[in-house]
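Peer 1: the following block contains a protein sequence and its predicted model.
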Amino acid sequence: MKNSSLLWLVIFLLAGGYLIFRTSHGDMGISYVKVTTISPEKSNVQWTQYSKASKKEAGEENVQFSWSRTIGLWVAALSTLAIFSFLYGDNVFYKISESVFIGASAGYAMAVGFWDGIVNLLLRNLTPGLMRESIIPSIPKENHADWFFIIPLILGVAMLARLLPKGGWIARWPLAFFIGATAGFRLVVFFHADFIIQIQSTILPLIVFTDGSFDWQTSLKNITIIIGVLSCLVYFFFSVEHTGIIRPISRLGIWFLMITFGAGFGYTVMGRIALLAARLEFLFSDWLWLIDVE
Amino acid sequence: MFEKLNSLESRWIFLMTFLAVGIPILLQKSLPEKPTPMVMDVFNLVEDLPSGSLILCSFDFDPASAGELQPMAAAFVRHCALKKHKIVFMTLWPVGPPMIQNNINILKKEFPDYQYGEDYVNLGYRTGGEGVIKLITTSLDKMYSEDVNGTSLKKLSLTKDLKHIQGIDLLVNISAGTPGVIEWVQYASTPFNIKTVVGCTGVTAPKNYTYIPKQLAGMLGAIKGAAEYEKASIIQYPQLAENPQAQEGLRRMAPQLVAHLLLIFLIILGNVLHFVGRRKGLSS
């Protein structure tokens, strides 16, 4: 056995022993729930509601140990460590966690998409009576079939035609409709929100007076915005060779772009560190009970 | 030394980042935070609305970005509840409903007087992305005839007279991508002049700045925006200082500082190594 492998084996055994020791003493990795019985005034139906309880509340009358949430906590913690292990190198634990994540995400998206798109939008409007009697009892009795929804049904079925050996061309019709409608919608809103209004937002006074006196901060801000926009536009203007007066302006445009990319990179780093901090806080607080943030 | 640093394995940098983030969390130190004018604009907008104003909260994010966005979502919800505003929750993301539920749990725990149906309603998720926004700006009923529990919106006192979202007092969008801020700006705030504030991830923040102030009244960018909003809330409502859960963003700023210092050091070190290497290469 190589020295590094031996070292990692020892580290894993020590860490495992530490976890087993603390868990067996009830010092970490346990989830509690608060049990509340709900009894509405105008109804004889009762139900029990389980909500997350903190470890400080353990021992209180209506707080009890939860097997399901404890298992969930351990799965979440070990999956987090398995994903982190990729930073050392590709390994079987990472691959298992990655596969579970992809499978669960795909399954969830499919189930939600089917329920919300097919059942709750299409079938609910096409066959409200059947849906009311079977799976959506809350549909009002006055709701009647909306035959307009037959169009999306036909388009949806036509999309499946691409699976047929000879009917693939049928799927082009719903695709054409979808692409055309989406492009039309987006063109209008983009032209309004991202073109006209953005041009309006760049038409700014270069010299600003506030309460009768010269406001140098706002003036400088407006001048910077206008110079930045114009120089960046010049940089992306490739119909003219970047020589003469165009060259320094386009170079200034590059500087503005670089500063923007730098700001974007800084924000991205902040975002990624925030995600890591949140995950470590979960491990240290919810799982290992090393800190208390509740 | 130069050769050793030049061939430093990335694993050591991962370890350093882990320690830079992990140690401040374990020490539980927080840093003084001062809300910037941009955050104060957003805060004052919520604060200056008369009590009982109707606020639509669209939480368009998932667990992958919750570490960054949940603190600001929670800060918005707490502030709205302290001001006794009425909240309508919705999401355009399939994994958004649990994110809404996390914030409803805050209302249930910290504001037990807040009643479902009267003070807040959860519309849940509807498929369609920007299509949902397009529809609810003119007719809420076409997309949402019921809340997330299947109760007709006509039976809930908060929503029974709500025909479309043009009548709301403020739109709050917490978003991690698409559909999100851009779609709300394009389909709601710009064409219908709906007053809108957003909270977004660091990755998307630079792009969203271009909509301020004409199309967006304000923006909270990444965890720094959340921390500043929490600080502004604590200044206005000192009782929040007793609640550690209302300081999630503030707590995360100490790891941010140490990790950023480490990153700046590594960038400078990398540049020094690059130029030293180039000089060595030229001299040889």
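Peer 2: Sure thing, it's come through.

Peer 1: rest of the way, CA atoms for contacts and neighbours
Peer 2: Fine.

Peer 1: next, see if stretch B:108-126 gets close to chain A.
Peer 2: Yes - Stretch B:108-126 lies within reach of chain A by C-alpha under 8 Å from any C-alpha of the partner chain, at residue B:126.

Peer 1: now that stretch, how far from the chain's geometric center?
Peer 2: 19 Å (C-alpha atoms, centre = their mean, to the nearest Å).

Peer 1: now do the buried residues in it.
Peer 2: Across stretch B:108-126, burial judged by 16 or more other C-alpha atoms under 10 Å in any protein chain shown covers B:114, B:116-117, B:119-126.

Peer 1: show me which of those is closest to chain A.
Peer 2: Within the buried residues of stretch B:108-126, the smallest distance to chain A is 6.5 Å, found for residue B:126 (C-alpha to the nearest C-alpha).

Peer 1: so the closest one sits against residue B:143, correct?
Peer 2: Yes - using C-alpha atoms under 8 Å, residue B:126 is in contact with residue B:143, at 7.5 Å.

Peer 1: still on that earlier bit, any chance of TSV for the buried residues of stretch B:108-126, columns pLDDT and secondary structure?
Peer 2: Formatted as TSV, the buried residues of stretch B:108-126 follow (pLDDT from 0 to 100; DSSP: H, G, I helix; E, B strand; the rest coil):
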residue	pLDDT	secondary structure
B:114	93	coil
B:116	94	strand
B:117	93	coil
B:119	95	coil
B:120	96	strand
B:121	96	strand
B:122	96	strand
B:123	95	strand
B:124	93	strand
B:125	93	strand
B:126	91	coil
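
Peer 1: returning to what we had before: joint contacts of residue B:126 and residue B:143?
Peer 2: Shared contacts of residue B:126 and residue B:143 (C-alpha atoms under 8 Å, 6 or more residues apart in numbering or on different chains): residue B:132.

Peer 1: could you report the neighbour count for residue A:90?
Peer 2: Using other C-alpha atoms under 10 Å in any protein chain shown, residue A:90 has 11 neighbouring residues.

Peer 1: give me the nearest residue to residue 223, chain neighbours excluded.
Peer 2: No chain was given, so I picked chain A. residue A:206 (5.6 Å; C-alpha to C-alpha, 6 or more residues apart in numbering or on different chains).

Peer 1: hmm, I had chain B in mind actually
Peer 2: Spatial nearest neighbour of residue B:223, excluding adjacent residues (C-alpha to C-alpha, 6+ apart): residue B:68 at 5.4 Å.

Peer 1: helix/strand/coil for that neighbour?
Peer 2: Put simply, residue B:68 is helix when judged by DSSP: H, G, I helix; E, B strand; the rest coil.

Peer 1: isn't it up against residue B:222?
Peer 2: Yes - using C-alpha under 8 Å as the test, residue B:68 is close enough to residue B:222 to be in contact (6.0 Å).

Peer 1: flag every residue of the stretch 101-250 of chain B that's near chain A.
Peer 2: Residues of the stretch 101-250 of chain B lying near chain A (C-alpha under 8 Å from any C-alpha): B:126-127, B:150-152, B:185-187, B:190-191, B:201-203, B:205-206, B:210-211, B:214, B:222-223, B:244-245.

Peer 1: confirm that residue A:51 sits in a helix.
Peer 2: No - assigned with three-state DSSP, residue A:51 falls outside any helix and is strand.

Peer 1: give the contact list for it.
Peer 2: By C-alpha under 8 Å, 6+ apart, the contact set of residue A:51 is A:33-35.

Peer 1: neighbour-wise, which of those residues leads?
Peer 2: Counting neighbours by other C-alpha under 10 Å, residue A:33 leads the contacts of residue A:51 with 21 neighbours.

Peer 1: tell me what it is bridged to.
Peer 2: Counting by DSSP bridges, residue A:33 is bridged to residue A:52, residue A:64.

Peer 1: contacts only, for it.
Peer 2: So residue A:33 contacts A:50-54, A:63-66 (C-alpha under 8 Å, 6+ apart).

Peer 1: would you mind giving those residues as JSON lines with distance to residue A:169 added?
Peer 2: Output for the contacts of residue A:33, formatted as JSON lines (distance: C-alpha to C-alpha, whole Å):
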{"residue": "A:50", "distance to residue A:169": "53"}
{"residue": "A:51", "distance to residue A:169": "53"}
{"residue": "A:52", "distance to residue A:169": "53"}
{"residue": "A:53", "distance to residue A:169": "57"}
{"residue": "A:54", "distance to residue A:169": "59"}
{"residue": "A:63", "distance to residue A:169": "61"}
{"residue": "A:64", "distance to residue A:169": "60"}
{"residue": "A:65", "distance to residue A:169": "59"}
{"residue": "A:66", "distance to residue A:169": "55"}
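
Peer 1: what about the residue nearest to residue B:223, distance to residue A:113?
Peer 2: According to C-alpha to C-alpha, to the nearest Å, residue B:68 stands 26 Å off from residue A:113.

Peer 1: more neighbours: which of those two?
Peer 2: residue B:68 (34 against 17).

Peer 1: buried residues, stretch A:100-118. List them.
Peer 2: Buried residues in stretch A:100-118, defined by neighbour count with 16+ other C-alpha under 10 Å: A:112-113, A:116-117.

Peer 1: near chain B, from those residues?
Peer 2: A:112-113, A:116-117.

Peer 1: where do the strands sit along the chain?
Peer 2: Since no chain was named, I'll use chain A. A:32-38, A:47-53, A:63-65, A:209-210, A:213-214 (DSSP state E).

Peer 1: the intended chain is chain B.
Peer 2: Assigned by DSSP E, the strands in chain B fall at B:54-60, B:86-91, B:120-125, B:170-175, B:196-200, B:218-221.

Peer 1: the longest helix that chain B contains close to chain A?
Peer 2: Counting by DSSP state H, the longest helix found in chain B is helix B:253-283. Yes - Helix B:253-283 lies within reach of chain A by C-alpha under 8 Å from any C-alpha, at B:255-256, B:259-260.

Peer 1: ok, residue A:138 to chain B distance?
Peer 2: To chain B, residue A:138 is 6 Å away according to C-alpha to the nearest C-alpha, to the nearest Å.

Peer 1: same question but for residue A:275, I mixed them up
Peer 2: Distance, residue A:275 to chain B, using C-alpha to the nearest C-alpha: 5 Å.

Peer 1: try residue A:162
Peer 2: To chain B, residue A:162 is 23 Å away according to C-alpha to the nearest C-alpha.

Peer 1: state the pLDDT value of that residue.
Peer 2: pLDDT recorded at residue A:162 is 88.

Peer 1: how much space is there between the residue nearest to residue A:223 and residue A:136?
Peer 2: Distance, residue A:206 to residue A:136, using C-alpha to C-alpha: 61 Å.

Peer 1: now what about the worst-scoring helix or strand of chain B on mean pLDDT, what contacts it?
Peer 2: Here the helix or strand of chain B ranked lowest by mean pLDDT, DSSP states H and E is helix B:2-6, holding a mean of 82. By C-alpha under 8 Å, 6+ apart, the surrounding residues in contact with helix B:2-6 are residue B:273.
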